[in-house]
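Novice: Next come a sequence and a model predicted from it.
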Amino acid sequence: MQKLVRSPVLISCLLAATMLSVMFSPIMTQSPILENSTDNSRSDEFSTWTLSPTTGPHTGGTNLTLTTTGLSSYFEESNWENFTIDYSADVGKFSSVAVDSNGELHISYRDATNGHLKYASNAGGTWTNYPIDNGGGYIGRYTSIDVDSNDNVHISYGNLNSWDLKYATNVAGSWSRSTIDDGGTGQAGMYSSLVIDSNDLIHVSYWGRNSDLKYAAKSASGGTWVDEIVEWGYITGEWTSIALDSNNEPFFSHVSETHDRVEIGYKSGGYWTTPTVDSGSSGEIDNGTSIAIDSNDAKHIVYYDEDNGDLKYADFNTQSNLWQNTVLDSTGDVGKYPSIEIDSQDNIHVAYYDNGNQELKYAYYDGTSWSSSTLDESGGMHPSLTIDANDNIYISYYDDTNSNLKMIQNIVNSNDPLGEVSIEFVGYGNVTGTVLDDETITFSSPPGNIDGEVVDLVIWLENGSNVNLPVSFEYETYDSDGDGIPNTSDDCPQTYGDSTIDQTGCPDSDGDGYSNSGDAFPNEPSQFSDYDDDGCGDNPSGVNADEFSYDTTQCTDSDSDGYGDNLSGNNPDHFPSDSSQWNDTDGDGFGDNPLGNNSDNCPSEAGNSTMPGRGCLDSDGDGYANTFDAFPFDASETHDTDSDGVGDNSDAFPVNSMEQFDADGDGVGDNADAFPDDANETNDRDGDGVGDNSDAFPDNANESTDSDGDGIGDNADEYPLVDNFIDSDDDGILDLQDAFPGDATQTNDSDGDGYGDNLSGNNPDQFTNVSTQWADTDGDGYGDNWGNSSWNSTRVIDFPGEFVENAELADHCPTISGNSTANDIFGCPDGDGDGIADQYDEVNGSAVIEEEPEQETQDESSSEEESYIDSLLSGNTETITQTVGFGAILLAVLALLQTNLVAGLLPDAFRWVQVLRRSNKLSKEEIKELNYLQSLVQAYYYDIESLFEELDQLRSDLTGRYTNNEISKKTREKIVTLIEDLQTMDSDKIASIANSEAYFGLAETT
C-alpha cells in the first residue's frame, strides 16, 4: 500500500492544466497547487475568511482557528491509498466492484491469461481471489457485480466463446452459474451492467443477439430470467450502463453506433423509449458510458468522446427540458471506460482512464464546481467506482504497467491533516499552521506588543508565495491581574475581577456587574440593593424581592393584596395566597371580607360549617351550620323533608311521610308492598299468595300458572304442557288428537309403528294392524321387514326393509310378488302352489310329478349324482378316469354343448364339463343362478381382477344362502365348481366364453 504525494513536476503540470481548463472549459474548475504559485496576493480566490478569536494577550499562545473553503485543492497530500489485490499475470480487466452492508468489498474481473472469470473479496478480513468460471478462452469479459440485501453476490458476464450472457451467484452458499441469454442465432454477452433493487430484484442491461439493447430481470432468490428488447432495428446498446430510481425503475445509458450518439432508455407509459442524450455532432461516441441517479431522481451520465478524446458529462435541464452536455476533461486522450457514482450528499464522483498516459483519473463535483486529479500513473484501465454508506470511495482497475488487479480507496473519516503553512503576524514573526481539512487551519499567536496592537496576517507557502488575509489579530494591552481589563481601566488592577457597573475589573462573585463590595447580595446575581436592610432585595424581579422596601417587618406579599406575608410584621396577611382576604377575627380560617373568597358568615364566632353559611357552629361536623341542620348532632343527617322523624339520607321516601323503608328496593314502600322482600312483586289482587306480575291469572285465586300458554290454567288443564288449541299441520285435527301433528296427510297410526293409516298420505302403513311391518314393495301381502337375525348377513344389500325383532309376515323375496308360505319362507314365487318357494322346490310347477317308485329311483340317482360330484370336486382322478374315458368325455361334451370352443377349453374346464355330463338336466334354481353368473362374466370379462373379486363375493353369498336354506346344496356345488374353473382361466379365455350359453350349460334352455 502506498500514500499518494504529487511531485513538483506533476504539480506544475496540473497548474498548466488548470489554466487551460479555466480558459477553455467554463464549467470545469481545478484549484491550482499553492507550492507552484507565483501570485503574492491571492486572498480573492476564497469566498470568506474567518478568524476566531480575534484578540489575545501580548504574551502570545492564543489558540486561533482560521476558516475558509477550498483548502484541500492547495495540498497534494490526500487520503487516497492504493494496493494490488491480485498479482497473477494479466488479471484485472473488465473489473466491477460492489460494497455490502458490512462495508466489505467484492470484485469480479477477467483473468486473460487463463480465460477465467475471477472473484476477489476482503469479506474474510484479508483479500482472497479465485476463479468462479474457468471455461477458458473468452470467459469473463464485460463483468458487472452487485450484492443483495442478504449480502449474496450476483455477477453478469460474457462468454464470448459461445456469445452467451452468463450469470453467477453464491446465493445458495456455493457458486452456481447459468445462462441469462444464449444469443440464439446472433450474439449476446457484451456490455452487461447489473444492479439489484430494494426488493432484491436483479436488473441487467446488455447488448443483444441482433445488435440491440436488451434488458433482463429476475428475483435474487430464484426464478427464471425474463428479458425484453429495449431498442432494435440498428446497431445499438453498446457500452450500456444501468441505474435505478427511487421507485426501482431502471434507466440505461448506451451508445447507438449507427447514429453515433448517446441515448438513455426507460419505460414511459408502459413502453420503452430511448431519447438522445448527445447526438454525437462533436465526434464519435464510443468506449464507455455510465449512469447514476441522485436522491432527487435526477439522472447523470458520463461518456467518452472518442474523436476528441474527451470525458463528457450530461444532465437533464428541467427548465429547457433538454439534456445539457459539458466537457469534464480534455487534457489529451482521456475519458475511456468511465464509472460514475453519487454519494449521500449528492456529490458526483467519476473514475476514468487516461488513454494517452495510461493513468487512472478521478473527477469530483462538490455541488458548485468540478475538479479532477490523477490517482495512479501506472495504469487505470477498466475502472469501477463504488461508494459505501460512510461515503468512502473505492475504485478497482487494471494496472497497465504490471498487468495486475488494483484497488485505490479514499477513506473519508481519516484524521490525517492535509498539510502545514507558515502564518506571519506582521511585525512579530511567523508561526506554523496546521491545515486540518478543506476548511480549517489551526495555529497559536506569537508574543506581541505589551501596550496592545492590531496586526495583519499573511499565509506563506514553501516557495515564497503568500496569501494576504482580510482578517487581523489584536494584541490586548497589559493586564496585571489577568482579568482582561487593562490596568489603565481596572479599578482593582491587582485583583482579578469582572465587575462593570459600580466599579470596573473588581471581583464580582455573582456576575451581576456589581462588585462584591458594592453588592448587598454578592452571591445572588438578581439582587444588589437592600434599602430597608431587611435581607430582601429591592429589585422586584429578582430572587427574594422586597415588596415593602421601606418596612423592615415585611418583605413579601405573595397574593399582592398589600398585606405582608409575615404574620409577626406590620399589616400581616392571614391569607397570603388569597388576595381577596387578609383578616380572620375569630381565627376559624374564614376571612372577614364578605366580598372575598370563603367569607365568614359568623365572623365573630369560630365555626367550621361550610353550608349554607361558612364559619358558623357545626356541632356534628357534617358541614351544615346548627341553625340549618334538622339533626345538629347526627353527622349522617341534615334534612327531614317529609317531617317523619327519619332523615332524608336514611329515608327511602324522603317526601312521603307514610313510608320510610323499601326492603326489596322495588320503589314501593314496605308499608304498601304486599311482598316487601320481593323486588319483582308488589300487589296480589286475587289474594292467592302469587304476585300479580308472576300470576298468569291475577284475578283468579284458583289459578296462577299456564305452562302451555293456551289460556287454561294448569289446575284446570288436562294437558298443562300442551296447547289444547294448536293444529300444527292445519288438517283440522288438533295436535292432541293427531298422531302426526306435523303431517297434514296423516292423522292415525293404529299399530303405533310411526307410519300413518292413510294409504294415500305420506309414509303410509300398508299393514295398519301389524306394528312390525309398514311397507310391501312387491304388493304380495308380505312386509319388507324381517325378524330372522340369520338373514342379516345373507340379505341382498339392495333389498328393501330392515331388521325388526319378531317381525311378522316377513317377505323372503321382497322385490318379487309371491305366494310361498312353507318353512317360514313367505312371499316368494310358488308356481305349483304347494306353499314351497320355487327356488327351494326341486319339483316345481312345470315339472312332471312321477309315481312314488320313480321318485325313489330319482332320489337314488340324485344321491349318486351328489356323491359323484363330491368325488369330482375333490379332484379324485380315479373317479374321473374310471367313470369316463378321455375320448368319451370329449364326445359327451361335443354332443352336449355342440361347440368346438368348449372342447378347446376342456383341460381348464374339466370338472365343470364332468358335472354337466353327469347332471345334464338343470333345475329352475340352477338356471337362474347360471344366468346371473354369466351376466357377471359378461359385465367384467375385460377387467379380470374385478371379475375375480365379484366371483369371490358370489361364492360367499351362495354359502350364506345355502346356510339359510335359500338354495339347495346341489345348486351351490355346481355354481361353485364353475366359479373355481373360471378363476383358473386367463383373460383371453374368459373373453372367449363370456357370451357362450353353451359353456354355461344354458344352450338347451334358451
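Specialist: Structure received.

Novice: quick one, domains of this protein?
Specialist: The record's domain split for the chain, according to automatic domain parsing, is 31-75+420-475, 95-410, 774-849, 868-1005.

Novice: and residue 715, which of those domains is closest to it?
Specialist: Proximity to residue 715 (C-beta to C-beta) singles out domain 774-849 among the domains of the chain, at 40.5 Å. In short, each C-beta sits where N, CA and C put it, glycine included.

Novice: How far off centre is that closest one?
Specialist: The chain centre lies 71 Å from the centre of domain 774-849; the measure is C-alpha atoms, centre = their mean, to the nearest Å.

Novice: Next: stretch 714-730.
Specialist: That offset, for stretch 714-730, works out to 63 Å (C-alpha atoms, centre = their mean).

Novice: and what of stretch 401-414?
Specialist: Taking mean C-alpha positions (C-alpha atoms, centre = their mean), stretch 401-414 and its chain are 42 Å apart.

Novice: What is the neighbour count of the closest residue to residue 304 other than its chain neighbours?
Specialist: Excluding the flanking residues, the one nearest residue 304 by C-beta to C-beta, 6 or more residues apart in numbering is residue 335, at 4.1 Å. Residue crowding around residue 335 was assessed by other C-beta atoms under 10 Å; the count is 30.

Novice: what helix or strand does residue 145 sit in?
Specialist: Using DSSP states H and E, residue 145 sits in strand 139-147.

Novice: what does that strand rub up against?
Specialist: 93-101, 106-111, 115-118, 133, 153-161, 189-196, 202, 204, 206 (C-beta atoms under 8 Å, 6 or more residues apart in numbering).

Novice: Just confirm the residue nearest to residue 304 is within a helix.
Specialist: No. Counting by DSSP: H, G, I helix; E, B strand; the rest coil, residue 335 is not part of a helix but strand.

Novice: Just say helix, strand or coil for residue 930.
Specialist: helix.

Novice: Could you count how many residues lie near the residue lying closest to it once chain neighbours are set aside?
Specialist: Distance criterion C-beta to C-beta, 6+ apart; nearest residue to residue 930, sequence neighbours excluded, is residue 1000 at 5.0 Å. Neighbourhood size, residue 1000 [other C-beta under 10 Å]: 24.

Novice: Who are the contact partners of residue 1000?
Specialist: For residue 1000, the contact set (C-beta under 8 Å, 6+ apart) comprises 930, 931, 933, 934, 978.

Novice: Now rank the residues you listed by neighbours and give me the top one.
Specialist: residue 978 (24 neighbours).

Novice: So for it, what pLDDT did the model give?
Specialist: At residue 978 the predicted local confidence, pLDDT, stands at 92.

Novice: What pairs with the strand holding residue 145, parallel or antiparallel?
Specialist: Strand pairing for strand 139-147, determined by DSSP bridges: strand 153-159 (antiparallel).

Novice: and after the strand it pairs with, which helix or strand comes next?
Specialist: strand 164-169.

Novice: Give me the contacts around that next one.
Specialist: 117, 132-133, 152-159, 175-183, 188-189, 192, 204, 206, 216, 220, 225.

Novice: List the ones among those residues that fall in strands.
Specialist: 117, 132-133, 153-159, 176-181, 192, 204, 206, 216, 225 (DSSP state E).

Novice: For the residues you listed, which PyMOL command selects only the ones that are buried?
Specialist: Provided next is the PyMOL selection string for whichever of these are buried by 16 or more other C-beta atoms under 10 Å:
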select buried, resi 117+132+133+153+154+155+156+157+158+159+180+181+192+204+206+216
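
Novice: Touching, the residue nearest to residue 304 and residue 309? I think so.
Specialist: Yes. Using C-beta atoms under 8 Å as the test, residue 335 is close enough to residue 309 to be in contact (7.1 Å).

Novice: So for those two, which residues contact both of them?
Specialist: Between them, residue 335 and residue 309 share these contacting residues under C-beta under 8 Å, 6+ apart: residue 355.

Novice: looking at the domains of the chain, which is buried most?
Specialist: Greatest average neighbour count among the domains of the chain goes to domain 95-410 (a mean of 19), per mean count of other C-beta atoms under 10 Å.

Novice: first vs last residue of that domain, how far apart are they?
Specialist: Distance across domain 95-410, first residue to last, is 18 Å (C-alpha to C-alpha, to the nearest Å).

Novice: hang on, residue 958 is in a strand, isn't it?
Specialist: No. Residue 958 is assigned helix when assessed by three-state DSSP, not a strand.

Novice: and the closest residue to it other than its chain neighbours, what does it touch?
Specialist: Among residues not flanking residue 958 along the chain, residue 972 sits closest, at 4.9 Å (C-beta to C-beta, 6+ apart). By C-beta under 8 Å, 6+ apart, the contact list for residue 972 reads 958, 959, 961, 962.
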